[in-house]
Each structure stands twice: as C-alpha cells, then as structure tokens.
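*Asks:* Here is the input, now give the coordinates:
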Amino acid sequence: MQAPKGIILNSNTISALLQARRSDNPALCAPNRRPLTFAGLCDQVERTVVAMNRLGIGRNDRVASVLRNGPEKASAFLGVAAGTTVAPLNRALLRSEFHYFLAELGAKALLVDRDSDSPAIAAAQSLNIPVLALVC
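*Replies:* Alright, predicted model coming up:
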C-alpha cells in the first residue's frame, strides 16, 4: 500500500496507520451524525484496545462480531482489530451456525449491539464465551 503524498508510514498496524493520519479531518461520516475525526478515531481505537486488554483479551485472541452495518460497526471493527483478531459474522446465521463458527474460531468473546437479540448470544453462552455489548 502506498501512503498518500506527504505521509510516511512506519508500521503496517491499524494503530500506526491511523496515527499517520491523526488530524481533525473526518474519518467516519454518516447521515445526520457528527463526523468522527481521525484524532477521535485514534483515541477510540486506543481506548478499545485498553478495554479489551483489561478483560484479558489481546493479541492472538479471536473476537467474533455480529453488528448492524453503520459507522459504529466500522469504528468497533478497527478498535477490536487493533488489539485482537476480529471475525465479523453474518447477522443472518442461525443459532446452530453461530455455534459452529464460534467453536471453530475458538472465539474468546462475542461483540454484539447493545440491544441485540441475535441467536449468536445464545450460541456464545452455550459455549461459555463472554458476550460484549457495543455501547455508542
């Protein structure tokens, strides 16, 4: 990947790529929402990694996610991926399919929307996988 003119990348990590763009320029935009700047996104990614580490989840751990599409999913993906291996799963899967994928992944946690009623939650609970709710 070639960096935009004037930007030097010193690493290929998500955090390093975001830090290289750190500014008040918009990073994520959505209709009827205030844009999230690159600086804000960097801060959010760093806080997410710290929060995951406090839960005992870190590098080389796998976190499955079942989130609605939108800017929250994008920023959550970046934050979780900066400190773990994240595996987004299709929200339309059946409980048995979630059970299979969570077991095969060896997921250490499942990330869902706060108000989710996804069958992924029951599948994770049956495997004793902690369920983390995304708070926006």
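*Asks:* would you list every one of the strands in this structure?
*Replies:* Using DSSP state E, the strands assigned to the chain run over residues 26-28, 36-37, 62-66, 85-88, 109-113, 131-134.
*Asks:* So which residues make contact with the first one?
*Replies:* Contact partners of strand 26-28, identified using C-beta atoms under 8 Å, 6 or more residues apart in numbering, comprise 18, 21, 35-38, 40-41, 71, 74-75. The C-beta positions use only the backbone N, C-alpha and C, and glycine is treated the same way.
*Asks:* Mean pLDDT added to the strands of the chain, as TSV?
*Replies:* Conversion of these to TSV gives the following (pLDDT from 0 to 100):
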stretch	mean pLDDT
strand 26-28	88
strand 36-37	92
strand 62-66	98
strand 85-88	96
strand 109-113	98
strand 131-134	96
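*Asks:* Enumerate the positions of the lengthiest helix in the chain that are buried.
*Replies:* The longest helix of the chain (DSSP state H) is helix 38-54. In terms of neighbour count (16 or more other C-beta atoms under 10 Å), helix 38-54 has its buried residues at 38-42, 44-46, 48-49, 52.
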